[in-house]
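S.K.: output the structure for:
(2 chains)
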Protein chains: 2
Amino acid sequence: MEKLNATTARLTAESQIQIGRWTQYAINEQLPFNAMWCVIPPGGSSLRDCHDEVELAVVVDGAADFETPDDAPATGRTEAAQGTAMLLSSNEAHVVHNRSATEPLVLLSVYWLPRTAGTEPRP
Amino acid sequence: MEKLNATTARLTAESQIQIGRWTQYAINEQLPFNAMWCVIPPGGSSLRDCHDEVELAVVVDGAADFETPDDAPATGRTEAAQGTAMLLSSNEAHVVHNRSATEPLVLLSVYWLPRTAGTEPRP
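M.R.: Here you go, the predicted model:
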């Protein structure tokens, strides 16, 4: 059993947030996905992000607003309380806001390239 | 974007806990793993579980103790505060205890069959 959390992970500052990529763990090779901790400071926001990978962002500490700014018409922000998982589609732009002015927001972000048409289904 | 959480999921009682399998979600087919919500009542524990799949159990609400009872010598229980992810190896027996007498414990459990020797590495 391996115990993993953002508190003990090696974090690096990237843009306006702290990132802890799971490549730092020996167990990373066992995973069928990539993963990282994201720590967003009180009152802070991530930069707009958009990527080929599908992303499952799990709110493990704090409270978030997820914004998908390319939505037309704009749907505004979706609140994600602690314990909520947000699934973002491939190439769905997103910004994450920390709803708290006093506490950091911690996300576990899991992401993977989607299967393309014609490839084998997963077992 | 899809918003998923244990509060709005369909849960079913299994043994002493509540389970919300992600097969209930249309997005389940997009995932490179299986997943479920596990809700353990105040003061409660899961039954001993042991399976071929590797499991990443994320404490998304509450506080847990993880027990791996087949360890020799017994290592006792490992505390997992909210925001902790526990990686359990294939066929590593485990019991999860809710540390709180008043609040439910919510886990997001993600699990997958390990790659076997001789298969293609993941991309």
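
S.K.: who's in contact with the residue positioned nearest the centre of chain A?
M.R.: Nearest residue to the geometric centre of chain A (Cα atoms, centre = their mean): A:S109, 3.2 Å. Going by Cβ atoms under 8 Å, 6 or more residues apart in numbering or on different chains, A:S109 touches A:A35, A:M36, A:W37, A:C38, A:E55, A:L56, A:A57, A:V58. Bear in mind the C-beta positions are built from the backbone N, C-alpha and C, glycine included.

S.K.: what does A:A64 give?
M.R.: A:I40, A:E79, A:A80, A:T84, A:V96, A:H97, A:N98, A:R99, A:L105, A:L107.

S.K.: ok, for it, nearest residue in space, not its chain neighbours?
M.R.: A:A80 (4.5 Å; Cβ to Cβ, 6 or more residues apart in numbering or on different chains).

S.K.: then A:W22?
M.R.: Counting by Cβ to Cβ, 6+ apart, A:A35 is the residue found nearest to A:W22 once chain neighbours are left out, at 4.2 Å.

S.K.: send the alpha carbons of the strand or helix carrying the one you found over as PDB?
M.R.: Element membership of A:A35, judged by DSSP states H and E, is strand A:34-40. Extracted in PDB, the C-alpha atoms of strand A:34-40 (Å, rounded to 0.1, in the frame of the first residue of the first chain):
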ATOM      1  CA  ASN A  34      -1.400  10.400 -15.800                       C
ATOM      2  CA  ALA A  35      -2.100  12.200 -12.600                       C
ATOM      3  CA  MET A  36      -1.100  15.300 -10.700                       C
ATOM      4  CA  TRP A  37      -2.100  17.300  -7.600                       C
ATOM      5  CA  CYS A  38      -3.100  20.900  -8.200                       C
ATOM      6  CA  VAL A  39      -3.100  23.300  -5.400                       C
ATOM      7  CA  ILE A  40      -4.800  26.700  -6.100                       C
END
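
S.K.: parallel or antiparallel, which strands does it pair with?
M.R.: If you go by DSSP bridges, strand A:34-40 pairs up with strand A:17-21 (antiparallel), strand A:105-112 (antiparallel).
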